[in-house]
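1. Have a look at this prediction, sequence included:
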Amino acid sequence: MKNTFGSKITLTIFGESHGNAIGCVLDGIAPGICVDEEYIKALLSLRRPAGAISTSRREADEFVIESGVFNGYTTGTPICIVIPNKDTRSGDYGEMAHLARPSHADYTANVKYRGFQDHRGGGHFSGRITAAVVAAGGILLKALEAKGITVGTHIKRCGGISDREFGDIGADIKTLSTLPFAVLDENASVAMQDKILSARSSGDSLGGVLETAVVGLEAGLGEPWFDSVESLLSHALFSVPAVKGVEFGAGFAITEMLGSQANDPFFAKDGSVFTSTNNSGGINGGITNGMPVIFRCAIRPTPTISREQNTVDYITKENKTLAAAGRHDPCIVHRARIVVDCITALVLADLLAERHGTDWLAL
C-alpha cells in the first residue's frame with residue numbers, strides 16, 4: 001500500500017476510520033514557516049459534519065503536532081500530526097461486515113488485502129482520513145498565502161442547482177474561506193441544502209461539482225508531458241475519496257467551440273502578460289501561464305445509503321441485499337471542498353519547491 005504523494009515536499013497519510021487515530025507526516029518543509037494552529041482548527045471545522053446535511057458522527061479533530069514544529073515555526077524536520085478517533089461506533093458495521101456496499105471499496109479492499117483489511121467504517125478507505133490531509137494543508141495554505149498565492153473552492157453544482165460563476169476571484173476566495181457551506185449565491189446555497197435534506201429523507205444521497213480557483217501563481221511552473229500541472233493536480237485530486245472526474249478551464253465544453261473561440265488571446269499590460277479569456281484554465285503545455293488556475297472536480301453521491309440494494313457476501317459469494325446502517329453523509333460535497341483546497345496546496349507547494357528549492361516558501 002502506497003500512502004505518500006509528492007517529490008520535494010511529501011505527504012504520507014496513515015490510520016483507519018475506527019482505529020485509535022489517523023494522521024500524516026509532512027516532509028521536505030523548510031525551517032522557519034509559521035504554523036498557526038488556530039488556522040488549522042478553522043480548516044478542520046470546515047471539513048467536519050454540519051447539521052442534518054451531514055453524518056451524525058461528531059469528531060472534535062483535536063490534533064496533536066508530535067514533531068517538526070517548535071515555538072510556532074517549522075524546524076525543517078518531518079512534521080507528524082496525529083488526530084485521535086473518539087466517536088466510533090464499530091458495532092454499526094457488525095451485520096454488514098462481509099457485505100459489499102455498492103460502489104464502495106469493501107469488495108476491492110478485501111481482494112487486494114486478502115481479508116486482513118480493517119473493514120470498520122471503511123477502514124483506510126474512509127473519508128475520515130481526509131482530516132489528516134486538511135491538517136497538513138493548514139500549514140501549506142498559510143505558507144502559500146504568505147507568498148501571495150490563494151486557493152478557494154465553491155460548490156458549482158449540487159442537486160441540479162448551480163452557484164454563480166467566479167467574479168472577482170480574489171474577493172470570492174476570501175468570502176469562501178468564511179462559509180461553512182461554500183456557495184457564493186445565498187439563494188443557491190439554501191436550495192442545494194434543501195435538495196440534500198430531501199435525498200436524506202428518502203434514504204438516498206447526492207453528489208455535485210466543485211470548482212477551484214488558484215490566484216497568484218507565477219508563469220513557468222510545471223513540466224511538459226508526465227509532470228504537467230494538470231497531470232500532478234489530477235493525480236492528487238483523484239486520490240480524494242469520491243472524486244470521479246477532473247476538468248481544467250472550459251473542460252469538456254471546449255470541444256463544442258471553434259479554435260477561434262477556445263483560444264485565449266494574449267495581451268501585455270504594465271510589463272506583464274495576460275490572456276483576455278481563460279478557457280485553458282491558466283495552463284499552456286502543462287505549464288502555468290500566470291492566469292488563475294481553474295479546475296472542477298466531479299464528486300459522486302455518497303455510496304453508503306439506507307435504501308435497500310442488491311449486493312453479495314464477499315466471503316461466501318452469496319447474493320444478498322443491504323440497507324446500510326450506521327451514520328453516513330447524504331452528501332459530502334460541502335465537506336470535500338476544503339480537502340480539495342488542501343490537496344491543491346500540497347501540489348502547488350511541491351511544484352514551487354521543484355522550481356525554486358525547498359527553502360523558498362520560508363524566505
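-> Perfect, I can see it now. Everything numeric in this text was worked out from a predicted model, so none of it was measured. Numbering: from 1, shown residues only.
2. And the next helix or strand past the host helix or strand of residue 295?
-> For residue 295, the enclosing helix or strand under DSSP states H and E is strand 293-299. Next helix or strand after strand 293-299 toward the C-terminus (DSSP H and E): strand 309-313.
3. tell me the angle the helix or strand following that next one makes with strand 309-313.
-> On the C-terminal side of strand 309-313, the closest following helix or strand by DSSP H and E is strand 318-322. Taking axes from the mean of the first three to the mean of the last three C-alpha atoms, to 10 degrees, strand 318-322 and strand 309-313 form an angle of 140 degrees between their directions.
4. list the helices and strands the helix or strand following strand 318-322 packs on?
-> Moving toward the C-terminus from strand 318-322, the first helix or strand encountered (DSSP H and E) is helix 333-356. Identification of packing neighbours for helix 333-356 by 3 or more C-beta pairs under 8 Å, 6 or more residues apart in numbering; DSSP states H and E yields helix 37-47, helix 130-146, strand 150-158, strand 208-215, helix 229-237, strand 293-299. All C-beta atoms are positioned from the backbone trio N, CA, C, and that covers glycine.
5. Please list all residues in contact with the residue nearest to residue 126 when sequence neighbours are not counted.
-> Once flanking residues are discounted, residue 126 sits nearest to residue 17: 3.5 Å by C-beta to C-beta, 6 or more residues apart in numbering. Going by C-beta atoms under 8 Å, 6 or more residues apart in numbering, residue 17 touches 85, 88, 118, 120-124, 126, 128-129.
6. Can you tell me the element residue 17 falls in?
-> When secondary structure is defined by DSSP H and E, residue 17 falls outside every helix and strand.
7. Where does pLDDT dip in the chain?
-> In the prediction, the chain carries residues with pLDDT under 70 at positions 1, 56-57, 87-95, 326-327.
8. For residue 320, give me its contacts.
-> By C-beta under 8 Å, 6+ apart, residue 320 lies in contact with 99, 310-313.
9. And it, how far from residue 310?
-> When C-beta to C-beta, to the nearest Å is the yardstick, residue 320 and residue 310 sit 8 Å from each other.
10. again with residue 240
-> Residue 240 sits 28 Å away from residue 310, going by C-beta to C-beta.
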